[in-house]
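Participant: give the three-dimensional model of this entry:
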Amino acid sequence: MSLRGRSVLITSGPTREFLDPVRFLTNASSGAMGFALAAAAREAGAKVTVISGPTNLEPPPGIRVIPVITALEMRRETLRRSRAAAIIIGAAAVSDWRVARTAVHKIKRNNSSLRLTLIPNPDIIKDAAAKRRPGQLFVGFALETRRATEHARGKLARKGLDLVVANGPASLASGRIAATLVAKGWTRRLPPGPKARVAKIVVAEITRLLNEHRA
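Facilitator: Down below sits the predicted model:
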C-alpha cells in the first residue's frame, strides 16, 4: 500500500528539561522508533518530516529533520507543521514534567536536600489533534509499565486519536519492540521484533486506516 503524495509528520526521541545550564531531566529514548517509522513511511512514498529530540542516530535518507530539545520547542514545531500533514505520528518520549523555573547558574552541591517543583508539560499529540482538519489521521504512542492496552484505549478516546501503539519500557534504547495496536473497535498484538519491521507494520496499518477514511 502506498502513501505516495502524502505528507507525514513524526515526533521522535526524548526531550530534555533543564534544571540549570548543565543538568536536565530526560529519559532513555534513542529516537530509533521514530526514525524507523520515518524510513517506512518514506519507503511507502510519503514526504516525511521528523521533529526530533536529542539523538545520536543518523536520520534515514530523504527525511527532513527539525531538531529540538525541550517539550515546549517540540510542541511549537509540531503545531506549526501539523495542519499541513496528512498523517501525524507522536512517537517521541516527551517528558511529562519540567521544572517550574530553570536556574540561571549551576546549582551548587551542599549538605542540604534539594527540592524541585515540577509542572506538567503540554500534551503535544492531543493539542495537535484538537486542531484536526478533515482527512487527517493522528497516531500516538503509549509507553506504560502496566495495563498498557487499557491505558492506550484511554488515550485513544481522550486525545482524539485514530491509532495508539502501546509498548513498554524495554523498548527504550533498544533495537526491538513489543507493541500492541489499539484503534476504535479493535486491538492487534504484534509479535516482538526489530523496530524497522514493526514500523513497516504500523505504517501499513496507518495506510489502511487512511484509505478507510477516504472511502
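Participant: ranges for the helices of this protein?
Facilitator: Using DSSP state H, the helices of the chain run over 32-43, 71-82, 124-129, 148-159, 195-214.
Participant: list the buried residues in the shortest one.
Facilitator: This points to helix 124-129. Under the neighbour-count criterion of 16 or more other CB atoms under 10 Å, helix 124-129 has 124-126, 128-129 buried. For every residue, glycine as well, the C-beta is placed using N, CA and C.
Participant: same deal with stretch 77-96?
Facilitator: In stretch 77-96, the ones that count as buried by 16+ other CB under 10 Å are 77-78, 81-82, 85-95.
Participant: now that stretch: average pLDDT?
Facilitator: Mean pLDDT, stretch 77-96: 97.
Participant: just stretch 194-211 next, same as before
Facilitator: 95.
Participant: alpha carbons only: can I get it in CSV?
Facilitator: Taking C-alpha atoms only, stretch 194-211 is exported to CSV below (Å, rounded to 0.1, in the frame of the first residue of the first chain):
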residue,chain,number,x,y,z
PRO,A,194,13.1,-5.3,15.2
LYS,A,195,11.8,-1.7,15.2
ALA,A,196,12.3,-1.5,11.5
ARG,A,197,10.0,-4.5,10.9
VAL,A,198,7.4,-3.3,13.4
ALA,A,199,7.5,0.2,11.9
LYS,A,200,6.5,-1.2,8.5
ILE,A,201,3.5,-3.0,10.0
VAL,A,202,2.5,0.2,11.8
VAL,A,203,2.8,2.2,8.6
ALA,A,204,0.8,-0.4,6.6
GLU,A,205,-2.0,-0.2,9.2
ILE,A,206,-1.9,3.6,9.1
THR,A,207,-2.2,3.5,5.3
ARG,A,208,-5.2,1.1,5.6
LEU,A,209,-6.9,3.4,8.1
LEU,A,210,-6.3,6.4,5.8
ASN,A,211,-7.8,4.6,2.9
